[in-house]
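**Q** give the three-dimensional model of this entry:
(2 chains)
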Amino acid sequence: GQQVMQIPQYQHVQEGEDFTTYCNSSTTLSNIQWYKQRPGGHPVFLIQLVKSGEVKKQKRLTFQFGEAKKNSSLHITATQTTDVGTYFCAVTGNQFYFGTGTSLTVIP
Amino acid sequence: DSGVTQTPKHLITATGQRVTLRCSPRSGDLSVYWYQQSLDQGLQFLIQYYNGEERAKGNILERFSAQQFPDLHSELNLSSLELGDSALYFCASSTALAGMETQYFGPGTRLLVL
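**A** Predicted structure coming up:
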């Protein structure tokens, strides 16, 4: 079945440092989505990537889809305390798979 | 506010009991998804309904069942509850069936089985 590995599992950064989380699949993906879940909250959709090599930006967030469409990354530039939360990638196969998530802690 | 509502917010029950979790999707959304989130298992997809019909099934136990009603609200029934069923249960909705539509998550129901 579909396997989606996400690394790292946890990341602590000083405010102002950059942060990157990676999502890797064992199979070629048709598309990939990213969600953010704040502590105590529910997952919130951030973005969807569809094309090979696609790069999308949302302010300080940069999302990238690998050329082979087997991996994706989310990069946050100059983290802020509002970036705290768990970031999930999500893919479809015959069901819906969420990555294990990367929990980001930002130290003021 | 995503527009998806879930009730109840919290539920405390005993092992062996049966509970029903309720979800109302966003207005106009035909797809409803159920997820289980526990500390050690992450976000696990359970089941999807589209316009009243089951469309995809994930890691849903036989003790669990779900349905979507004509008014599009959905219920997740958990029976013969075990301690390990304690988790946060999310419902999400989207507009379409195919592809990977944006899923809008409700606030979740926190279930504690004692």
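
**Q** A helix includes residue B:59, no?
**A** No: counting by DSSP: H, G, I helix; E, B strand; the rest coil, one finds residue B:59 to be coil, located in no helix.

**Q** quick one, what contacts it?
**A** B:44, B:45, B:46 (C-beta atoms under 8 Å, 6 or more residues apart in numbering or on different chains). For the C-beta atoms, the positions are set from N, CA and C on the backbone; glycine is no exception.

**Q** least trustworthy helix or strand in chain A by mean pLDDT?
**A** Using mean pLDDT, DSSP states H and E, the weakest-scoring helix or strand in chain A turns out to be strand A:96-98, at a mean of 87.

**Q** which of the contacts of residue B:59 sits closest to residue A:34?
**A** residue B:45 (16.3 Å; C-beta to C-beta).

**Q** that's a strand at the closest one, yeah?
**A** Yes: counting by three-state DSSP, residue B:45 is part of a strand.

**Q** residue contacts, the closest residue in space to it that isn't next to it in sequence?
**A** Spatial nearest neighbour of residue B:45, excluding adjacent residues (C-beta to C-beta, 6 or more residues apart in numbering or on different chains): residue B:58 at 3.7 Å. The contact partners of residue B:58, by C-beta under 8 Å, 6+ apart, come to A:95, A:96, B:44, B:45, B:46, B:47.

**Q** re the thing from before, let me have the contacts of residue B:59 in JSON lines, adding neighbour count and pLDDT as columns.
**A** What follows is the contacts of residue B:59, written out as JSON lines (neighbours: other C-beta atoms under 10 Å in any protein chain shown; pLDDT from 0 to 100):
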{"residue": "B:44", "neighbour count": "18", "pLDDT": "92"}
{"residue": "B:45", "neighbour count": "21", "pLDDT": "92"}
{"residue": "B:46", "neighbour count": "22", "pLDDT": "95"}
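
**Q** much appreciated, bye for now.
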